[in-house]
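In: no sequence on this one, just coordinates:
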């Protein structure tokens, strides 16, 4: 296959070039930015693009954005993205485009050379390869999304204001409701999200984390200081333990 590589880490990029070349592939370009990647795809019309999720200048989503664009503008180019960590939002966005000729792997998988090369071959042949960690976290995210879909529009509003750190009194003022009505909505949110009453005030924190798309730490979790000591929550969101 004719391959384009986009990876900003010089040593890793050189290693990938050598690995793929020795496996019989033709690396037609290796670049370190999303802009250079898009230019290389336009110029060389490769069969395959190997892309780091985070590229200069901000190292946030340049790589994945370029990958989505390639999938849209060059449907014949297979794309395999590499990431240091699981980026659920980015993975979801990429997978939603098309699933054929697509891969998403953590960079640790490159260490298993045989498995990595097999993944390249699979994606290049039009298959789909998703890292087990990616699949696991996407399933959790999907489940949480379904749970949030159960909430009424008013419950979504209440939960959104909870996520902003507002107390029950402030939520009531914002929505022109009584505090008792707000408390009823919050109890309903807890019930629909399956947050048991024995969780105490921690239910509020867990509900907000789900709303924001973060992993649920489970019952009994308390924020900790950088040194690892457990501490009493001090933000408005965490202070307000009613209901």
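Out: Alright, I've got the coordinates. Keep in mind that what you see is a predicted model, and the values were worked out from it rather than measured.

In: please make it C-alpha for all contacts and neighbour counts, starting now.
Out: Will do.

In: for the protein, which spans come out with low pLDDT?
Out: For the chain, the stretches with pLDDT under 70 are 86, 88-89, 97, 135-145, 197-201, 213-243.

In: mind splitting it into its structural domains?
Out: Per automatic domain parsing, the domain ranges recorded for the chain read 2-134, 150-239.

In: the helices in the chain, which residues?
Out: Ranges of helices in the chain, per DSSP state H, are 10-22, 34-44, 62-73, 88-97, 113-124, 132-149, 153-163, 168-175, 179-192, 202-212, 236-239.

In: residue 81 is nearest to which of these?
Out: Between residue 81 and the helices of the chain, the tightest spacing by CA to CA is seen for helix 62-73, at 7.5 Å.

In: list the buried residues for that closest one?
Out: Neighbour-count burial for helix 62-73 flags 62, 63, 64, 65, 66, 67, 68, 70, 71 (criterion: 16 or more other CA atoms under 10 Å).

In: got it, and stretch 151-160?
Out: Buried-residue list, stretch 151-160, by 16+ other CA under 10 Å: 151, 155, 156, 157, 158, 159, 160.

In: most tightly surrounded among the helices of the chain?
Out: Among those, helix 202-212 has the highest mean neighbour count (mean count of other CA atoms under 10 Å), at a mean of 21.

In: circling back: redo the buried residues of stretch 151-160 as JSON lines? Include distance to residue 180.
Out: Shown next, in JSON lines, are the buried residues of stretch 151-160 (distance: CA to CA, whole Å):
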{"residue": "151", "distance to residue 180": "18"}
{"residue": "155", "distance to residue 180": "14"}
{"residue": "156", "distance to residue 180": "17"}
{"residue": "157", "distance to residue 180": "16"}
{"residue": "158", "distance to residue 180": "13"}
{"residue": "159", "distance to residue 180": "15"}
{"residue": "160", "distance to residue 180": "18"}
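
In: so residue 60 touches residue 52, yeah?
Out: No - applying CA atoms under 8 Å, one finds residue 60 not in contact with residue 52, separated by 10.5 Å.

In: between these two, which is the more surrounded one?
Out: residue 52 (31 against 12; other CA atoms under 10 Å).

In: okay, that one and residue 8: tell me how far apart.
Out: 8 Å (CA to CA, to the nearest Å).

In: same deal with residue 54?
Out: Distance from residue 54 to residue 8, by CA to CA: 8 Å.
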